[in-house]
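**Q** With the sequence up front, the predicted model follows.
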Amino acid sequence: MTPDATTEGTGHARYSFRVRLSATARRALEAEWDRCRWLWNECVAKSKQIHLLGKATGEKLTCGPAQLDRMLTEARRVTPWLAAGASVPQQQVIRDFARSRAKALKDIKDGLPVNRRAGMPRWKRKREARPSLNYTKRGFRLKDGRLHLAGQIVLRVVWSRDLPAEPSSVRVYQDTLGHWYVSFVAPAQVEPLVETGRVLGVDWGVKETAVTT
């Protein structure tokens, strides 16, 4: 188990574990990822379409979660392949895309230099993007040491220690070596360090500094 840095907000931490997959579970996860990757690319296409339409008409058009939710609802209605997948990770794709797009637009509005801006969401190509599926609380449960995901996907987690509390979300992903992991977000006790008045110095290993005048 690898506890990552507490980046999910005050009082929460992310805990990662290796998982063992049956052939059935692997195929199911890969199918879910194909659907989510397709949906992400549809969001990119929709965003570009809205941008071009707004540019041509001069209207202030938006491409936020509400519009993308409607797009997903319609896509699931007319596309059996998409509807065969769990709705939870697909809805998270919408949220993640909208958040990524909003950050990019905010950076542009704030006038940040190009090299400091978050780029607009790009296409996820099959050979380049690694599988990553996000599930909120209603999309998973833990039972008898196994992780049950929406869509009847069951994963065997390699527990190296217990989670400190009940997790609120989980991400299932594959690394560049092809190994699969699950990453839980769970409440964590925050204990502020006692002030000692001491000063800590960090050696950056810099031998020379450049001075501008």
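**A** Arrived safely, thanks for sending.

**Q** Tell me, how many residues neighbour residue 43?
**A** Taking other C-beta atoms under 10 Å as the criterion, the count of residues near residue 43 is 23. Quick note: C-beta positions are derived from backbone N, CA and C, even for glycine.

**Q** can you tell me which helix or strand the residue nearest to it when sequence neighbours are not counted belongs to?
**A** Closest residue to residue 43 apart from its sequence neighbours, by C-beta to C-beta, 6 or more residues apart in numbering: residue 97 at 4.3 Å. Secondary structure assignment for residue 97, by DSSP states H and E: helix 87-109.

**Q** so what does that helix touch, helix or strand wise?
**A** Packing partners of helix 87-109 (3 or more C-beta pairs under 8 Å, 6 or more residues apart in numbering; DSSP states H and E): helix 23-57, helix 65-78, strand 132-136.

**Q** Out of the ones you listed, which is closest to residue 157?
**A** helix 23-57 (11.7 Å; C-beta to C-beta).

**Q** Can you add distance to residue 176 and give the helices and strands packed on helix 87-109 back as JSON lines?
**A** Shown next, in JSON lines, are the helices and strands packed on helix 87-109 (distance: least, C-beta to C-beta, whole Å):
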{"stretch": "helix 23-57", "distance to residue 176": "15"}
{"stretch": "helix 65-78", "distance to residue 176": "29"}
{"stretch": "strand 132-136", "distance to residue 176": "12"}
